[in-house]
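> sequence plus the predicted model coming up.
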Amino acid sequence: MAVDNAALLDAARLGDQAAWNALVAEYNSLVWSIARGYRLDTADAHDAVQMTWLRLVENLNKVKEPERLPGWLATTARRECLQMLRKSGRERPASDDTVLDAPDPAAPVDAALLLSERDGALWRAFRLIGERCQRLLRVLMSSPPPSYQEVSAAMDMPIGTIGPTRQRCLEQLRRLISADDSLAGQLRGEQT
């Protein structure tokens, strides 16, 4: 069923809320699709849509060709969107890619202190694990990393036990670190 724009506009001019609601229901999706097409943020798009409807209220008596109401609303919505873009362009002190928005490339002032504290706590925990674990982890962490054959020869361990032993040693270290609240907090902070 086609909408009778002339009758709805006439009734809206006389203050008929139902007629106004019918106009909004019929053409609001058109107005919103135009606002979305301009990629305005949600608040600006909402403002542009509301201003479009306000312009219609202000110009109800001036709409001479009711059958062209969709075009009038589309044109008005485009103008309101452009106005929002111009307005938002003036209100922004700087664009998103300016130096003001760039993160400071320097390390935080306390980075060296935190690193030193973390390393000290980590070495304290390391000294609490067994001597065999300490030796194995030191060998495995050397640079360049040794092959398992080299580790087996250096530690006098079967190759098949190196991985599981390493895993148990690291688990001991994790438990000690978790028990040290300050160290656990620092390590969690680095991972996020």
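Sure, I can see it.

> what does the longest helix anywhere in the chain contact?
Identified as the longest helix of the chain according to DSSP state H is helix 69-91. Contacts of helix 69-91 with the rest of the structure, by Cβ atoms under 8 Å, 6 or more residues apart in numbering, involve 5, 9, 23, 27, 30-31, 34-35, 37-38, 40, 44-45, 47-49, 51-52, 55-56, 63. Every C-beta, even on glycine, is put in place using the N, C-alpha and C of the backbone.

> swap the cut-off to 7 Å and go again
5, 27, 30-31, 34-35, 38, 40, 44, 47-48, 51-52, 55-56, 63 (Cβ atoms under 7 Å, 6 or more residues apart in numbering).

> quick one, helices of this protein?
Using DSSP H, helices in the chain cover 5-13, 17-37, 42-58, 69-91, 111-128, 131-140, 148-155, 159-179, 181-191.

> can I get the longest helix of the chain in CSV, CA atoms only?
Taking Å, rounded to 0.1, in the frame of the first residue of the first chain, the C-alpha atoms of helix 69-91 are listed here in CSV:
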residue,chain,number,x,y,z
LEU,A,69,9.2,14.0,0.0
PRO,A,70,11.7,11.1,0.0
GLY,A,71,14.0,13.2,-2.2
TRP,A,72,13.6,16.2,0.0
LEU,A,73,14.4,14.1,3.1
ALA,A,74,17.5,12.5,1.4
THR,A,75,18.8,15.9,0.3
THR,A,76,18.2,17.4,3.8
ALA,A,77,19.9,14.4,5.5
ARG,A,78,23.0,14.7,3.2
ARG,A,79,23.2,18.4,4.1
GLU,A,80,22.9,17.7,7.8
CYS,A,81,25.6,15.0,7.5
LEU,A,82,28.0,17.3,5.7
GLN,A,83,27.3,19.9,8.4
MET,A,84,28.1,17.4,11.1
LEU,A,85,31.4,16.5,9.3
ARG,A,86,32.3,20.2,8.9
LYS,A,87,31.4,20.9,12.6
SER,A,88,33.4,17.9,13.8
GLY,A,89,36.3,18.9,11.7
ARG,A,90,36.4,22.3,13.3
GLU,A,91,36.1,21.0,16.8
